[in-house]
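Asker: Sharing a model that was predicted from the sequence below.
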Amino acid sequence: MTFELADDGTFRLSDLHPLELQFLRQVTLVADPAGSPEARRRLYPDPLRRHKEEHGEREDKDDENDEEDWEELVVPGLEKHFESTLEIIDSDLAQTNEDRDWNIGQDEIVVPTAHSEQWYLALNQARLVMAERYQLHPPAIDPMLVEEESEDENEEPTASDSLHEDPPAPKIEILTIIQYEFYGKLQCCLMDLFL
Amino acid sequence: MAETETTIVPSVETKTTTEKDKPWMVIIYDDPVNLMDYVTKVIQRVFGYSRDKAEQMMLDVHHRGKSLVWSGGRERAELYVEQLHHHQLLAEMHQD
C-alpha cells in the first residue's frame, strides 16, 4: 500500500494488496467492542476505579452515585462520538464496494484530509479493542520476581515449583498481529496530517 | 481548703481541611496502544500546555506508568477526564 498526500485536500491509499484492502474494510467491524467486556471497559473506563480501590473503606453512596452519573451522562456521549467516527470511515470506504466496480491494485481510496482525525481514532479504537480481545499485550513480568527466581536457579527443583510455572502464552494468530501492526503503521502516516 | 487547679486548654485549630477542599488530580495511565506523539498532542490540545511540558508528561506516562497532568476542582477534573476519554487515553481522577 502507498500512502500519499494529494494537493487537492485528500490523502490516497493506492497499490493495495488484497489483504490490506480486507483489513481496511474490517476497521469498523474490528473496532466494535461487542462481546468483549474488557474491550468495552477500555473504551469507557471508570474514571474513579483506582480512587475507589484506594479509598475502599471510605467508599459511600456518593461514589456509587458518581459512577451511575458517569454511565448516564458521559458514556452515551462517548458512544455517540465513537459511532459517528466509525460512520465516517464506513462512508469513505463505500467507494471500495465491489458493486461499484472497484478494481483492487488499480484503484485508490481517496479520503478527505478533513477526515484524517476520524481515521486515526477509528484505527486506534480498532487496535484498543484487538489488544483487549486477543490479549496482545499481556502484563509485564514483575522484574523483582524474576530477580528472586534467578538467584535460586542453582537450587534443585522441588515439587512445588511446578505450581509457579508461567501460564501458557495465549494463542494469537499471526494474521491478527499483522492486522494490528498494519493499523498502527497507517496511524503513523496519519499523525502528521492532523497533528 | 481545696487546692484550685488551673487547666490550660490548648486552642483548637478551627480551620480544618475537609475532603471536599482537597484537589482532584487528573492522571493519565500508560497503555501499550496509544502512540507517544499522539499522547503528547492530546495533552497539549486538552490542557493547552507547551510542547515541552506535554512531552515531559508523556514520558512520565511511558516510563513511570502514569503522570499527574492537572489538579484542581472536581467539575473541571471530570471535564478533562471526559475529553481525554474522547481521545481514547486511559485517564482517571483521584483525590488523596
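Answerer: All right, it came through fine. Residues are numbered from 1 along each chain as shown, chains lettered A, B, ... in the order given.
Asker: Using PDB, list the CA coordinates for stretch B:44-53.
Answerer: Extracted C-alpha coordinates of stretch B:44-53, given in PDB (Å, rounded to 0.1, in the frame of the first residue of the first chain):
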ATOM      1  CA  GLN B  44      -1.300  19.900  24.500                       C
ATOM      2  CA  ARG B  45      -4.800  20.100  23.000                       C
ATOM      3  CA  VAL B  46      -6.800  19.400  26.100                       C
ATOM      4  CA  PHE B  47      -4.800  21.400  28.600                       C
ATOM      5  CA  GLY B  48      -3.100  24.000  26.400                       C
ATOM      6  CA  TYR B  49       0.300  23.100  27.700                       C
ATOM      7  CA  SER B  50       3.500  23.800  25.800                       C
ATOM      8  CA  ARG B  51       5.000  21.100  23.600                       C
ATOM      9  CA  ASP B  52       7.900  20.600  26.100                       C
ATOM     10  CA  LYS B  53       5.600  20.300  29.100                       C
END
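Asker: can you list contacts of that stretch?
Answerer: Outside stretch B:44-53, the residues that touch it by C-beta atoms under 8 Å, 6 or more residues apart in numbering or on different chains are B:40, B:43, B:54, B:57, B:69-70, B:80, B:83-84, B:87. Every residue, glycine included, has its C-beta placed from N, CA and C.
Asker: quick one: low-confidence ranges for chain A?
Answerer: Within chain A, the stretches with pLDDT under 70 are A:57-64, A:98-102, A:104-105, A:140-170, A:194-195.
Asker: Which residue is the nearest non-sequential neighbour of residue A:79?
Answerer: residue A:44 (7.6 Å; C-beta to C-beta, 6 or more residues apart in numbering or on different chains).
Asker: same thing with residue A:137?
Answerer: Using C-beta to C-beta, 6+ apart, the nearest residue to residue A:137 is residue B:32, at 4.0 Å.
Asker: Pull the contacting residues for the closest residue to chain A within chain B.
Answerer: Proximity of chain B to chain A (C-beta to the nearest C-beta) peaks at residue B:32, 4.0 Å away. Residues near residue B:32 by C-beta under 8 Å, 6+ apart: A:131, A:136-137.
Asker: secondary structure class for the residue nearest the centre of chain B?
Answerer: Centroid-nearest residue in chain B: residue B:25, 1.5 Å away (criterion: C-alpha atoms, centre = their mean). Residue B:25 falls in the strand class when you classify it by DSSP: H, G, I helix; E, B strand; the rest coil.
Asker: Beta-bridge partners for it, please?
Answerer: Counting by DSSP bridges, residue B:25 is bridged to residue B:71, residue B:94.
Asker: Tell me where the chain has helices.
Answerer: Defaulting to chain A. A:18-25, A:27-30, A:37-43, A:49-54, A:61-69, A:75-93, A:116-133, A:143-151, A:174-194 (DSSP state H).
Asker: wait, chain B
Answerer: Secondary structure of chain B by DSSP H: the helices cover B:36-47, B:51-64, B:74-86.
Asker: Mean neighbour count for the ones you listed - can I get that in JSON lines?
Answerer: JSON lines is the format used below for those (neighbours: other C-beta atoms under 10 Å in any protein chain shown):
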{"stretch": "helix B:36-47", "mean neighbour count": "19"}
{"stretch": "helix B:51-64", "mean neighbour count": "16"}
{"stretch": "helix B:74-86", "mean neighbour count": "18"}
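Asker: Put together CSV for those helices, with distance to residue A:89 and mean pLDDT on each row.
Answerer: Output for those, formatted as CSV (distance: least, C-beta to C-beta, whole Å; pLDDT from 0 to 100):
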stretch, distance to residue A:89, mean pLDDT
helix B:36-47, 18, 97
helix B:51-64, 26, 98
helix B:74-86, 17, 97
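Asker: Quick one: closest of the ones you listed to residue A:183.
Answerer: helix B:36-47 (13.2 Å; C-beta to C-beta).
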